[in-house]
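**Q** predicted structure and sequence below. I'll ask about it afterward.
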Amino acid sequence: MQTITAIMGDGIGPEVMESAMRVVDSVVDVKWEEVYAGTTALEKHGDPLPQTTLDSIARNKVALKGPCNTPVGEGFQSINVQLRKKFDLHLNLRPIKSLKGVNCLHDDVDLVVCRENTEELYTGEEEYIWDSVTKEITGAKVVGKITYEGSRRFFRSVFMHASLLQRKKVTVLHKVNILKLTNGIFLEVAREVAELYHQMEYEERIIDAGSMSVVMDPYRFDVIATTNLFGDIVSDIFAGLAGGLGVVPGANFGSRYAIFEAVHDGTWPQAAGKNLANPTALILSAVMMLDHIGEQKAARRIRWAVESVIAEGEKVTCDLSSDGVGVGTTDMTNAIVEKIVTS
């Protein structure tokens with residue numbers, strides 16, 4: 001039996017995690033090892049990322065993660081950034097697919113955004129700038145780097161996953177016209193790896209105009225690959241094409257470990273314990289996790305159940321409901337589980 005680390009998260013994290021775990025348990029036998037990260041872990045263990053959590057992930061190799069709080073402008077470093085560094089999770093993969101019953105800007109959107117996960121400006125390597133005479137802080141700077149090694153393993157993973165997902169085209173979004181050295185290396189390696197996949201169409205676009213094109217005509221795109229900070233921003237923007245962050249799953253892949261999480265990673269503390277949260281994104285992240293561990297049949301059953309419940313529109317949370325009222329987290333989860341067990 002597969003043991004999976006369950007990082008319960010903060011705010012609405014435990015509620016949506018329990019929903020996702022229930023749905024998985026209705027289809028396949030797994031063992032959950034519950035651990036904590038973020039503010040809850042700080043309160044329980046005095047550390048936002050305790051050693052017990054790290055040990056669990058290292059032991060099990062696979063984790064499903066609920067949203068964790070990241071203090072704004074102060075406090076501990078992002079849990080996501082720490083986990084990606086610790087377990088060398090170099091590929092962040094975010095499928096953006098419209099669902100029947102969800103209000104979208106475009107119908108039938110089906111994109112995959114691949115974000116480099118360990119380099120460039122998003123790594124949190126910041127420091128203050130000090131006046132040498134007054135010893136006062138005059139500013140701050142961030143250090144970002146892109147390496148051949150990091151870019152090479154990223155693009156190898158991008159094209160490998162594109163092939164496994166039977167995709168036909170990879171578009172690299174970049175800013176090489178301004179960031180000539182860092183993005184230059186990024187593109188150089190992309191072209192090198194693309195040469196090994198002759199069956200795959202390959203193109204490059206500048207990030208700003210390219211993102212506009214995705215928003216205006218997403219059907220011209222298939223797999224989108226970009227750098228760490230750009231990827232974080234545009235994947236959230238492109239999620240709007242499919243109805244918002246509440247329905248978009250995500251995965252972080254390394255050579256040995258994988259952590260699955262909803263793209264939004266929002267803890268919504270005001271709603272904690274109130275049975276209001278939409279569990280869709282995390283449940284679909286669990287679907288990606290099941291695919292990863294070889295439970296493809298179970299993954300297909302869960303995805304079908306989620307799509308069916310949302311399409312019917314009667315047992316969905318308020319953000320997915322046509323009348324803005326909807327049902328609670330538990331009732332939506334119950335409806336998904338019922339679809340599975342009666343199918």
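**A** That came through, no problem.
**Q** which residues touch stretch 117-136?
**A** If you take CB atoms under 8 Å, 6 or more residues apart in numbering as the criterion, stretch 117-136 is touched by 77-78, 81, 84-85, 88-92, 137-147, 150-151, 154, 182, 227-229, 231-232, 252. C-beta: built from backbone N, CA, C; applies to glycine.
**Q** check stretch 199-211 too.
**A** Applying CB under 8 Å, 6+ apart, the contact partners of stretch 199-211 are 159, 162-163, 167-177, 187, 190-191, 194, 213, 226, 230, 234, 237-238.
**Q** give me that answer again for 6 Å
**A** Residues from elsewhere that reach stretch 199-211, judged by CB atoms under 6 Å, 6 or more residues apart in numbering: K169, V170, T171, V172, L173, K175, A194, F230, V234.
**Q** what's in contact with the host helix or strand of the second one?
**A** Yep, that's V170 we're talking about. Taking DSSP states H and E as the criterion, V170 maps to strand 169-174. Outside of strand 169-174, the residues that reach it under the criterion CB under 6 Å, 6+ apart are 162, 183, 187, 190, 200-205, 207, 210, 221-226.
**Q** among these, which are located in helices?
**A** A162, N183, L187, A190, I207, G210 (DSSP state H).
**Q** identify the bridge partners of the nearest residue to the first one once chain neighbours are set aside.
**A** Meaning A162. In this structure, A162 finds its nearest non-sequential neighbour in V223, 4.7 Å apart by CB to CB, 6 or more residues apart in numbering. With DSSP bridges as the criterion, V223 is bridged to V112, V170.
**Q** ok, V223 - how many residues close by?
**A** 25 (other CB atoms under 10 Å).
**Q** pretty sure it is touching V113, no?
**A** No. V223 lies out of contact with V113 (CB atoms under 6 Å); the separation is 8.0 Å.
**Q** mind checking the SS state of the residue nearest the centre of the chain?
**A** The residue lying closest to the centre of the chain (CA atoms, centre = their mean) is G250, at 2.9 Å. Assigned with DSSP: H, G, I helix; E, B strand; the rest coil, G250 falls in the strand class.
**Q** pretty sure it contacts F260?
**A** No. Using CB under 6 Å, G250 is not in contact with F260, being 7.1 Å away.
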